[in-house]
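Engineer: Coordinates for the following, if possible.
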Amino acid sequence: MIKVALVNPPLTAHLVRGTGVYAKHLLSALDDIKDLEVISVESNYLPQDVDLYHFPYFDPFFLTLPLWRSKKTIVTIHDLIPIKYSQHFPRGIRGELKWQIQKRLLATVDAIITDSISSKQDIVEFTNIKTSRVYPVYLAPAPIFTKTATNTSLERVLHKFRLPQKFALYVGDVNWNKNLPHIIEAITLSKFPLVIVSKAFIQKHDDLHPWKESLLRAQQLVDRGSPVIKVGQIDEADLAAIYRLAQVLLMPSYTEGF
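Structural biologist: Presented below is the predicted three-dimensional model:
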């Protein structure tokens, strides 16, 4: 029996990109493997009675990896977009210092999981880690997204979120690579309703937020009368229904890790 600690950020910490949904489904999938015991812990407490630590998140500008670890370690890096396109992700002196620390700590882990061969190439390029230690493991939809939905359940979600009968859909964050302002510009020209499912789009951000410029531009377009309906973070069953209700999914990203 191999015992693995799935290590999450402390609840008091800022949510690091890529943490929640990925870790949740990873834990569920690993629970189905025989001869493998998985426990979920916070990074401020690393248990000693395990064989392996797995950090299912990585942010280059936060100290997401502990300085000292007594067990073999795996880290999931979804992408290094903020490093590859640094002109769009200002890091400042503190961010640069933390990136250099994180990069040194990555050299001490036993393996890195990433979403694609493309992301693997970026990781190797920007960290100088050997290719043999980086493993692309492709993402897949959660089971809820492949289940057949009833007309009743779809109607319930349509009314719950006050959605129009026909709409385009965007699901995701507001950072530069998502290209959200151009999505809203296109919708404004077409006059076709757009539903945006994004917790980040409805949150308040301070003036130093790295995606502030993109967010402000998108919000200004909405304020001018673009046909946009904003939906915050929702549960996966409702999200799966919204995907099915949409006439089209818009995702014209400049770049993605997968």
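Engineer: and the lengthiest helix in the chain, how far from the chain's centre?
Structural biologist: As assigned by DSSP state H, the longest helix anywhere in the chain is helix 92-106. Its chain's C-alpha centre and that of helix 92-106 lie 20 Å apart, by CA atoms, centre = their mean, to the nearest Å.
Engineer: Who are the packing partners of the helix or strand following it?
Structural biologist: Next along the chain after helix 92-106, taking DSSP states H and E as the criterion, comes strand 111-114. Contacts defined by 3 or more CB pairs under 8 Å, 6 or more residues apart in numbering; DSSP states H and E place strand 111-114 against strand 72-76, helix 117-127, strand 134-136. (Each C-beta comes from the backbone N, C-alpha and C, glycine too.)
Engineer: circling back: could I get the buried residue list for the longest helix of the chain?
Structural biologist: For helix 92-106, burial by neighbour count (16 or more other CB atoms under 10 Å) applies to 95, 98, 99, 102, 105, 106.
Engineer: show me what contacts the fifth one?
Structural biologist: Residue 105 is in contact with 65, 67, counting by CB atoms under 8 Å, 6 or more residues apart in numbering.
Engineer: hey, what's the nearest residue to residue 117 once chain neighbours are set aside bridged with?
Structural biologist: Nearest non-adjacent residue to residue 117, counting by CB to CB, 6 or more residues apart in numbering: residue 136, 5.3 Å away. Judged by DSSP bridges, the bridge partners of residue 136 are residue 114.
Engineer: gap between residue 136 and residue 110?
Structural biologist: Distance, residue 136 to residue 110, using CB to CB, to the nearest Å: 17 Å.
Engineer: just for the stretch 101-250 of the chain, where's the confidence low?
Structural biologist: 202-216, 219, 221-222, 224-226 (pLDDT under 70).
Engineer: ok, 90 please
Structural biologist: Along the stretch 101-250 of the chain, the model assigns pLDDT under 90 to residues 140-144, 146-150, 172-176, 180-192, 198-234.
Engineer: now the strands for it?
Structural biologist: For the stretch 101-250 of the chain, the strands defined by DSSP state E, counting those that start in this stretch cover 111-114, 134-136, 168-171, 194-197, 228-231, 248-249.
Engineer: Other residues contacting the fifth one?
Structural biologist: Translated: strand 228-231. 161-164, 167, 184, 187, 193-198, 201-202, 221-222, 242.
Engineer: how about a cut-off of 10 Å?
Structural biologist: For strand 228-231, the surrounding residues in contact (CB atoms under 10 Å, 6 or more residues apart in numbering) are 160-164, 167-171, 183-184, 187-188, 193-199, 201-202, 218-219, 221-222, 238-239, 242.
Engineer: Dump the C-alpha coordinates for that strand into CSV.
Structural biologist: Taking Å, rounded to 0.1, in the frame of the first residue of the first chain, the C-alpha atoms of strand 228-231 are listed here in CSV:
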residue,chain,number,x,y,z
VAL,A,228,-23.8,40.2,-21.2
ILE,A,229,-25.2,38.1,-18.3
LYS,A,230,-22.7,37.6,-15.5
VAL,A,231,-22.8,34.4,-13.5
